[in-house]
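Colleague: my questions are about this predicted structure, shown below with the sequence.
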Amino acid sequence: MYYKRAFYEDITMLLNYIIGPAGSGKSTLVANIKEYVLNRDSEINVITINLDPGAINVEYNPEIDIRDYITLEEVMTKYKLGPNGAIILASDLMINFIEDIKYEIGQYQPDWVFIDTAGQLELFAFRDVGPIIASSLGFGDVQRSTTFLFDSHMARRPNGFISTSLLAASVQYRFINIPQINALSKSDLLEEEILDMIIEWSSDFQALSEATNEREKGLIRELSLLLSEVFSKMGSTSELIPITTMREDGLEYLFATLQRIFDSDKSEFY
Ligand SMILES: Nc1nc2c(ncn2[C@@H]2O[C@H](COP(=O)(O)OP(=O)(O)OP(=O)(O)O)[C@@H](O)[C@H]2O)c(=O)[nH]1
Ligand SMILES: [Mg+2]
């Protein structure tokens, strides 16, 4: 069963922001989850938005694209900046186009909106613009959520897993009023045993600390136990959802979880 406005008159639209480190699979996920939803039910009105002004090749056609309003090249030329300064400024300037994007969303009257964010996650997540945009888009009784991607390449080692968990937690605290799902992207690249191990780490930090090798043991073990305590106290531990865009069923669990978020007490996801 899927959410449609006709059945849920109090819900106007469901927005999901896809956030994650560079190359973690955000754009591929946005493109594929739209296809997945449409394949399951072609009557669902689902749209995608690209919010990365510096995106060069977007291999899908987003219905709404921030680059129609502002691009990295324009900012570099106009403000005589190099690519690094320009991407920061371009990202901050997106705030000027919130009303335009909102208007465009309104034109589509979507049930679901999947939003692709900048490769440099710190631009969207840690500058003021991200939370402002995230809490502004949509209209009516809009329900928002974020999906944070743990890249399989990073998450397969304890220290990579810990640093990505810290990033995920920081993002969660920046978007404090928006429920967040943590997903393990590109799970097809992992052997089953390693995949199970990473999922276990996400719900059991003791297992993570035991997985550290001799060289890392002291610091990493101490850090993972400390983090475990902090994350549990703040209620931010949640089992990672493995996803892959390489298999048809790879997005099923994610979409089911997104639906469950909107169907239940949000507090369980904080
Ligand atoms: N094996 C595998 N590769 C994937 C999957 N999803 C994405 N990729 C690959 O990972 C690479 C990066 O994917 P993108 O979707 O561009 O990642 P991104 O997070 O949007 O990247 P930036 O916008 O540059 O930060 C591409 O080569 C994709 O083909 C997946 O589920 N499995
Ligand atoms: Mg991308």
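Modeller: Now that the structure is in, tell me what you want to look at. Ligands and ions are numbered 1, 2, ... in the order given.
Colleague: what's the spacing between the closest residue to ligand 2 within the stretch 151-270 of the chain and F97?
Modeller: Residue of the stretch 151-270 of the chain nearest ligand 2, by Cβ to the ion: S185 (11.7 Å). (C-beta placed from N, C-alpha, C; glycine too.) Look at S185 and F97: by Cβ to Cβ, to the nearest Å, they are 28 Å apart.
Colleague: tell me which of those two has more neighbours.
Modeller: Per other Cβ atoms under 10 Å, whichever of S185 and F97 has more neighbours is S185, with 32 against 18.
Colleague: phi, psi of that one?
Modeller: Per-residue torsions, S185: phi -80, psi 160 (degrees, to the nearest 10).
Colleague: leaving out sequence neighbours, find the closest residue to it.
Modeller: G25 (4.0 Å; Cβ to Cβ, 6 or more residues apart in numbering).
Colleague: what do you get for L38?
Modeller: Sequence neighbours aside, V46 is the residue nearest to L38 in space, at 6.3 Å (criterion: Cβ to Cβ, 6+ apart).
Colleague: residue boundaries of the strands in the stretch 151-270 of the chain?
Modeller: Remark: strands assigned in the stretch 151-270 of the chain by DSSP state E, counting those that start in this stretch are 180-185, 241-242.
Colleague: point out the most buried one among the ones you listed.
Modeller: Highest mean neighbour count among these (mean count of other Cβ atoms under 10 Å): strand 180-185, with a mean of 25.
Colleague: hmm, back to that, how far away is the residue nearest to L38 from ligand 2?
Modeller: Applying Cβ to the ion, to the nearest Å, the value for V46 to ligand 2 is 18 Å.
Colleague: bridging residues for that residue?
Modeller: V46 has these beta-bridge partners by DSSP bridges: W112.
Colleague: how about the residue in the chain positioned nearest to ligand 1, secondary structure?
Modeller: Residue nearest to ligand 1 within the chain (Cβ to the nearest ligand atom): G119, separated by 2.7 Å. At G119, secondary structure determined by DSSP: H, G, I helix; E, B strand; the rest coil is coil.
Colleague: and if you look at S135?
Modeller: The three-state assignment at S135 reads helix, by three-state DSSP.
Colleague: distance of it from G54?
Modeller: 23 Å.
Colleague: and what of I194?
Modeller: 32 Å.
Colleague: those two: which is more packed in?
Modeller: The neighbour comparison of I194 against G54 (other Cβ under 10 Å) goes to G54, with 21 against 14.
Colleague: the more buried one contacts D116, doesn't it?
Modeller: No. Applying Cβ atoms under 8 Å, one finds G54 not in contact with D116, separated by 11.9 Å.
Colleague: all strands for the stretch 1-150 of the chain, in order.
Modeller: Going by DSSP E, counting those that start in this stretch, the stretch 1-150 of the chain shows strands at 13-19, 46-50, 64-65, 112-116, 142-151.
Colleague: mean pLDDT, mean neighbour count and distance to L240 for those - can I get that in JSON lines?
Modeller: Below are the strands of the stretch 1-150 of the chain laid out as JSON lines (pLDDT from 0 to 100; neighbours: other Cβ atoms under 10 Å; distance: least, Cβ to Cβ, whole Å):
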{"stretch": "strand 13-19", "mean pLDDT": "94", "mean neighbour count": "24", "distance to L240": "15"}
{"stretch": "strand 46-50", "mean pLDDT": "97", "mean neighbour count": "22", "distance to L240": "24"}
{"stretch": "strand 64-65", "mean pLDDT": "98", "mean neighbour count": "22", "distance to L240": "29"}
{"stretch": "strand 112-116", "mean pLDDT": "96", "mean neighbour count": "25", "distance to L240": "19"}
{"stretch": "strand 142-151", "mean pLDDT": "94", "mean neighbour count": "23", "distance to L240": "6"}
